[in-house]
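> from the sequence below, what's the structure:
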Amino acid sequence: MVNFSPLGERVVVKPLDKEEVRASGIILPDTVKEKPQEGEVVEVGPGRSTEDGKGKIPMEIKKGDRVIYSKFAGTEYKDGDDEYLILRESDILAKIS
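Next up is the predicted model:
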């Protein structure tokens, strides 16, 4: 459970770790693994304000969606043992069905 809420058009994503095992059965250590680009949305902000500031543009992403995001997007945040990524909705490239 997340103890914080994103602002504006930001979302909080929990990156999904993929265990990397090579064909030979060797498991790669964390130091040589690529950063994950897939995750689950755990919290969503209220949306971006309209240009006149009188309303909000609703978010297309919702809590529980599995998404693919840009490789170097967002800000990493650690809450206890859990790692999260806070990024803008525009940094999300696709939803996974």
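
> apart from its chain neighbours, what residue comes closest to residue 93?
Nearest residue to residue 93 in three dimensions, chain neighbours excluded: residue 68, at 5.0 Å (CB to CB, 6 or more residues apart in numbering). Bear in mind the C-beta positions are built from the backbone N, C-alpha and C, glycine included.

> quick check: bridge partners of the one you found?
residue 38, residue 94 (DSSP bridges).

> next: residue 82.
Where residue 82 sits in a bridge, its partners, by DSSP bridges, are residue 79.

> assign residue 11 to helix, strand or coil.
Secondary structure, DSSP: H, G, I helix; E, B strand; the rest coil: residue 11 is strand.

> and it, how many neighbours?
Neighbourhood size, residue 11 [other CB atoms under 10 Å]: 26.

> how near is the residue nearest to residue 93 to residue 41?
Applying CB to CB, to the nearest Å, the value for residue 68 to residue 41 is 12 Å.

> the more surrounded of these two?
The residue with more neighbours, out of residue 68 and residue 41, is residue 41; 21 against 14, by other CB under 10 Å.

> wait, a helix at that one?
No. With three-state DSSP as the criterion, residue 41 is assigned strand and is not in a helix.

> all set, thanks.
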